[in-house]
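Trainee: have a look at this fold, sequence not included:
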């Protein structure tokens with residue numbers, strides 16, 4: 001496959017960032033806020049023999065299962081996308097799958113735990129695969145020295161997409177309550193709204209984003225075997241990409257904490273701090289603004305001082321935020337923790353995507369970003385499941401479960417010391 005010099009126009013860059021705008025409503029509504037608390041507080045609780053801590057554990061299992069599937073197929077799909085130059089086609093399939101599964105969640109009744117878990121798992125698989133594929137376009141669009149800024153723009157636009165979707169859902173919930181509707185009637189409407197916003201706002205991406213990669217000649221070998229061979233080749237080249245693999249280890253650890261916060265922070269606020277749904281939605285809306293600002297600022301900052309120093313700052317911010325939430329006794333403390341989490345989340349996710357892209361040879365973007373996706377998915381299994389298991393074993397003690405999350409950020413910060421950004425960028429250039 002030939003290496004292509006990035007020559008994306010402004011419209012195409014906007015269309016790339018708009019994918020983050022489109023899919024962020026899904027994470028905000030389904031994963032982080034409305035449906036996660038609805039599952040724990042309504043869907044699972046309505047089932048018989050549901051002991052304390054079990055609903056949270058079941059939610060963690062559904063998310064963990066989805067990420068396990070993506071961890072297995074992510075590199076395969078990435079390698080196939082590189083070989084066939086079909087990242088855009090696979091991105092379309094994953095987007096349609098996420099939209100449909102989200103819409104179908106609207107028809108799940110209280111007590112139908114297994115059906116809800118199945119649809120959540122499918123939607124999360126499709127969402128995660130889309131994340132991997134859209135990230136694989138980044139090395140084709142801008143030079144390495146501008147990747148931090150572009151990644152920051154994408155995350156920032158994404159958080160505003162989540163803010164818009166969540167704001168409309170809040171309006172819908174308020175309207176429904178004024179009409180005397182029950183949660184079982186209102187929440188399904190928010191899921192249909194979320195799916196609709198995703199479907200509409202993702203259209204510019206498929207209209208304007210170009211597939212720059214060139215397909216390789218067909219080989220007399222199965223695509224799965226071909227994908228395995230390419231990945232095997234990547235691991236054999238570990239000596240040349242030592243900083244890429246060191247960062248993947250660091251990422252696996254701290255991202256476990258990030259993944260936990262994404263899918264369980266709203267449950268923590270609801271179960272520990274007694275936040276009602278409206279207060280919770282408003283908090284998450286404010287957090288989305290904070291996250292967007294954090295992503296934007298750190299996108300520029302990492303281009304000036306480097307991605308590794310910027311990431312270290314965000315991990316320190318994460319540690320402070322988790323400690324604030326752990327010791328919170330009043331709602332104002334949770335508001336402070338929430339906004340610290342927002343700033344840290346927007347920053348760390350933007351930096352990690354850009355840093356992986358800097359360490360990635362341009363012609364193997366799908367493959368290397370597929371490995372990045374494996375690590376992201378592994379962390380999304382380990383983090384939430386560790387929280388869910390601790391919560392279950394402690395009979396619903398969310399504060400104790402939060403301590404496991406804190407450990408991920410502390411260890412991640414220690415591992416970051418071993419990553420040399422300059423050396424990793426040189427390796428990507430020399431061995432491309």
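Mentor: Perfect, I can see it now. None of the values given here were measured: they were computed from a predicted structure. Residues are numbered from 1 along each chain as shown.
Trainee: tell me the SS of residue 111?
Mentor: When classified by DSSP: H, G, I helix; E, B strand; the rest coil, residue 111 comes out as coil.
Trainee: does the nearest residue to it once chain neighbours are set aside sit in a helix, a strand or a coil?
Mentor: Once flanking residues are discounted, residue 111 sits nearest to residue 46: 4.1 Å by Cβ to Cβ, 6 or more residues apart in numbering. Glycine gets a C-beta too; all of them are placed from N, C-alpha and C. Here residue 46 takes the coil state, with states given by three-state DSSP.
Trainee: isn't residue 46 up against residue 55?
Mentor: No - using Cβ atoms under 8 Å, residue 46 makes no contact with residue 55, being 10.0 Å away.
Trainee: counting neighbours, go ahead and name the busier of those two.
Mentor: residue 55 (26 against 15; other Cβ atoms under 10 Å).
Trainee: quick one: contacts for the more buried one?
Mentor: When contacts are counted by Cβ atoms under 8 Å, 6 or more residues apart in numbering, residue 55 touches 39, 40, 41, 44, 45.
Trainee: I'd say the first one and residue 119 touch.
Mentor: This points to residue 39. No - taking contacts as Cβ under 8 Å, residue 39 lies outside contact range of residue 119: 10.7 Å.
Trainee: so those two - more neighbours on which side?
Mentor: With neighbours defined as other Cβ under 10 Å, residue 39 and residue 119 compare such that residue 39 has more, 26 against 23.
Trainee: can you tell me the closest non-neighbouring residue to the more buried one?
Mentor: residue 59 (5.5 Å).
Trainee: what's near enough to touch that neighbour?
Mentor: 36, 39, 40, 44, 120, 263, 264, 267, 384, 388.
Trainee: ok, of the residues you listed, which come out buried?
Mentor: 36, 39, 40, 44, 120, 263, 264, 267, 384, 388 (16 or more other Cβ atoms under 10 Å).
Trainee: around residue 29, count how many other residues there are.
Mentor: Neighbours of residue 29 using other Cβ under 10 Å come to 28.
Trainee: kindly report the same for residue 160.
Mentor: Using other Cβ under 10 Å, residue 160 is surrounded by 16 other residues.
Trainee: my guess is it meets residue 18, correct?
Mentor: No - the criterion here is Cβ under 8 Å, and residue 160 misses it with residue 18 at 10.6 Å.
Trainee: thought residue 378 was touching residue 249?
Mentor: No - Residue 378 is not in contact with residue 249 according to Cβ under 8 Å; the separation is 10.6 Å.
Trainee: the more surrounded of these two?
Mentor: Using other Cβ under 10 Å as the criterion, residue 378 and residue 249 rank with residue 378 on top: 21 against 14.
Trainee: which SS state does the more buried one fall under?
Mentor: When classified by three-state DSSP, residue 378 comes out as helix.
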